[in-house]
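Trainee: Give me the fold of what follows.
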Amino acid sequence: MTDTLIIAVDDAQVQRWFGKLIERGLSLAPLMADVGELLLESTQGRFDTGTGPDGIAWVPLADGSGRTPLSDTRRMRDDISPSSGADWVELSAHARQARWHQEGTKPYTIKPKDKKALTWPGGPGPRGKVNHPGLPARPFMGLSQADGEGIDRLAIAWLELGDAAGVSG
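Mentor: Here you go, the predicted structure:
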């Protein structure tokens, strides 16, 4: 008497799963678009909280008002946009002054363009030039730890076969 054990494996379902994974991997454009939107929301949120992607609070305004820096008009915040392709995503800050605030500046001199002197409301009177102390860096662009975790969640959801492969969760 011989004991025989026969195991039959039907790998058709597994082959379908791998087919779906390969198909999804051919164009990640929808995933990249979702990542762009996640990063846009996160970056715009930094203008509300006044913190950089590293979690460090921005240098307060020099006027001592307690207002959140870079939030008066919301133009810089609202002028950030995502773009993406099959395997890339980027955020662009279009405001001319965005880089100055992101990286900070060294002290610089302001001179009048069209007139002989500079004046401003409440200022000390006409000036031929003004020595600006520079801007502290207030980084708003960049990946935070929460951004990385969000991207991981999006990628896992993107690759999740679920019902697409005939399997329930």
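Trainee: wait, doesn't residue 74 sit right on residue 80?
Mentor: No: the criterion here is Cβ atoms under 8 Å, and residue 74 misses it with residue 80 at 10.8 Å. Glycine gets a C-beta too; all of them are placed from N, C-alpha and C.
Trainee: would you list every one of the helices in this structure?
Mentor: 12-26, 29-49, 75-78, 98-103, 145-159 (DSSP state H).
Trainee: Between those, which one is closest to residue 86.
Mentor: Residue 86 lies closest to helix 29-49 among the helices of the chain, at 5.0 Å (Cβ to Cβ).
Trainee: what's in contact with that closest one?
Mentor: Contacts with helix 29-49, where a contact means Cβ atoms under 8 Å, 6 or more residues apart in numbering, come from 52-53, 68, 70-71, 74, 76-78, 80-91, 140-141, 143-144, 146-147, 150-151, 154-155, 158.
Trainee: Could you rerun that using 6 Å?
Mentor: 70-71, 77, 80, 82, 84, 86, 89, 91, 140, 147, 150-151, 154, 158 (Cβ atoms under 6 Å, 6 or more residues apart in numbering).
Trainee: circling back to that earlier point, show me which of residue 74 and residue 80 is the more surrounded one.
Mentor: residue 80 (19 against 12; other Cβ atoms under 10 Å).
Trainee: Quick check: nearest residue in space to that one, chain neighbours excluded?
Mentor: Distance criterion Cβ to Cβ, 6 or more residues apart in numbering; nearest residue to residue 80, sequence neighbours excluded, is residue 93 at 4.9 Å.
Trainee: Please name the nearest non-neighbouring residue to residue 71.
Mentor: residue 47 is the one closest to residue 71 (Cβ to Cβ, 6+ apart), at 5.4 Å.
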